[in-house]
Each structure stands twice: as C-alpha cells, then as structure tokens.
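Visitor: Got a sequence here, can you build the structure:
(chains A and B)
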Amino acid sequence: NAGVTQTPKFQVLKTGQSMTLQCAQDMNHNSMYWYRQDPGMGLRLIYYSASEGTTDKGEVPNGYNVSRLNKREFSLRLESAAPSQTSVYFCASSTVSGANVLTFGAGSRLTVL
Amino acid sequence: GENVEQHPSTLSVQEGDSAVIKCTYSDSASNYFPWYKQELGKGPQLIIDIRSNVGEKKDQRIAVTLNKTAKHFSLHITETQPEDSAVYFCAAKSPIKAAGNKLTFGGGTRVLVKP
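Guide: Below is the predicted model of the structure:
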C-alpha cells in the first residue's frame, strides 16, 4: 500500500535550470495538491487539481506549472529555478476536492544554488 | 483570507510531562480544525481533528479543544513519550476560501521529548 509517492527525494539545481517533481497516488483519489514547506511558514498550497483534467492556482503559484497527467499522477515543474524556490515540496491527495483528510507523500527537498 | 498562527515554534518537554500547542485563526467562518504530525523524513499525517460544533475531542493521549468565541484551538498531549517527538501543524478550513481544499496551515511546532 504505497499511498502517495514522490520523486526525487533530493535535488540540487543551479539558478535557471528546470526540473519536474513527480507524484503518483494509488488510492483512487480524485484530488491532488502540491505544497511547499518553509521554516516557520507551515505548508502553503502551490497548485491543486480538483479532478482529472483540471488544475488551479493556490496561494503561491508564481514560478511553477503543473500537469495532471491522469488520475494517478500530478507533476510540478520549475521552468527556471530561483534560490527562493529552495524548499521541501509535498504532494498530497484527497478523495474529492474539499475533503477533510489529506494524504501526503514523504516530500522532495529541493536546493537551488 | 484565513490566517492561522501557531505557538510555540519549538517545545521541549521531559518524557511523561504534558505538551500544549496553541493556534489562533482569523476567519470566523472556519469550521474544521485538523492537526497533522510530521515525523522526520516523512510527510504530515492527520492525527486528530475537531469540527466547529464540538468543544473538545480526545483520542487516547491526545486531545483538542476549540474556543470559537476566541477563535483559538489547542492540541494537548499527555504522558509524552519519545515517539511524540515530531513537528505538529494545526490547520483551519474555511468554507468560503476559494482555493483547493481550503485548508490554511499554521507555521508548525517542533516538539522534542527528552528521555
């Protein structure tokens, strides 16, 4: 029972490089989310996908793009990484949009030099 | 929009003592208040939650209390054990906020239980 799987777990980028964080869930959840975690700031929503085929901006979407590839997979792309995007990124899913319980992945630690 | 403040940011307790984490929220329409625990190297996991029509909820050694008038809620951990060491996040859910699952998280509290 894998739950939510994120790859990679660690990544170091140089300013201006691009990369994609991958997320997959095997719980047949309809909704998926990308959060970033910074010290003292809790978890902030970057983008979410209420259902397959839809994506919407969260609180801090600038500098990111997402793709809901299918019901299982939701990727986060940094087109031109900046030091301000150094953070720990979490993917999460829920049964439906607005459902109370989120299931999180283990996180991806990204450092931008 | 909703704003959730969480205190303290770090908390060190002796094993067997109690730990209390407090959160305040700004949106009086918020009606659901979960607590997530994040162990080292893992993602946050829901440990307990409370709805606005309830004042207190307990689950073994953990309890949450909610004061809607004052707009604050607290997590209480009794008889702390080393495995309680983690980062704890409170959150508030507003039915009005437009984005995503409408959860706003607090800044987190790092709890260290000393043996």
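Visitor: From here on, just use CA atoms for contacts and neighbour counts.
Guide: OK.
Visitor: Would you point out which residue is most central in the chain?
Guide: Just going to use chain A. residue A:34 (2.8 Å; CA atoms, centre = their mean).
Visitor: that's the wrong chain, I wanted chain B
Guide: For chain B, the residue sitting closest to the mean C-alpha position, by CA atoms, centre = their mean, is residue B:90 at 3.3 Å.
Visitor: any idea how far the strand or helix carrying the residue nearest to the centre of chain A is from the chain center?
Guide: Take DSSP states H and E as the rule and residue A:34 turns out to sit in strand A:31-38. Mean C-alpha position of strand A:31-38 versus that of the full chain (CA atoms, centre = their mean, to the nearest Å) differs by 5 Å.
Visitor: got the contact list for it?
Guide: Taking contacts as CA atoms under 8 Å, 6 or more residues apart in numbering or on different chains, the residues outside strand A:31-38 that touch it are A:43-52, A:74, A:76, A:87-97, B:100.
Visitor: Apply 7 Å and report the result again.
Guide: The set of residues external to strand A:31-38 that reach it, using CA atoms under 7 Å, 6 or more residues apart in numbering or on different chains, is A:43-51, A:74, A:87-97.
Visitor: Flag the shaky bits of the chain, pLDDT-wise.
Guide: This is for chain A. Within chain A, the ranges that satisfy pLDDT under 70 run A:1, A:97-98.
Visitor: oops, chain B please
Guide: Regions of chain B meeting the criterion pLDDT under 70 cover residues B:96-101.
Visitor: give me that answer again for 90
Guide: Per-residue confidence for chain B (pLDDT under 90) gives these ranges: B:1-2, B:28-29, B:31, B:41, B:51-54, B:93-104.
Visitor: Do you have the strands of it handy? List them.
Guide: Secondary structure of chain B, counting by DSSP state E: strands at B:4-7, B:10-14, B:19-25, B:32-38, B:45-51, B:56-59, B:62-67, B:72-77, B:86-93, B:103-105, B:109-114.
Visitor: Then chain A?
Guide: For chain A, the strands defined by DSSP E occupy A:4-7, A:10-13, A:19-25, A:31-38, A:42-49, A:56-57, A:64-68, A:74-78, A:87-94, A:103-104, A:108-112.
Visitor: So which of those is nearest residue B:48?
Guide: Using CA to CA as the criterion, the shortest distance between residue B:48 and those is 13.6 Å, found for strand A:103-104.
Visitor: ok, that closest one: who's next to it in the sheet?
Guide: Looking at strand A:103-104 with DSSP bridges, its partner strands are strand A:87-94 (antiparallel).
Visitor: Contacts for the strand it pairs with, please.
Guide: Residues outside strand A:87-94 that contact it (CA under 7 Å, 6+ apart): A:4, A:6, A:23, A:29-38, A:101-111.
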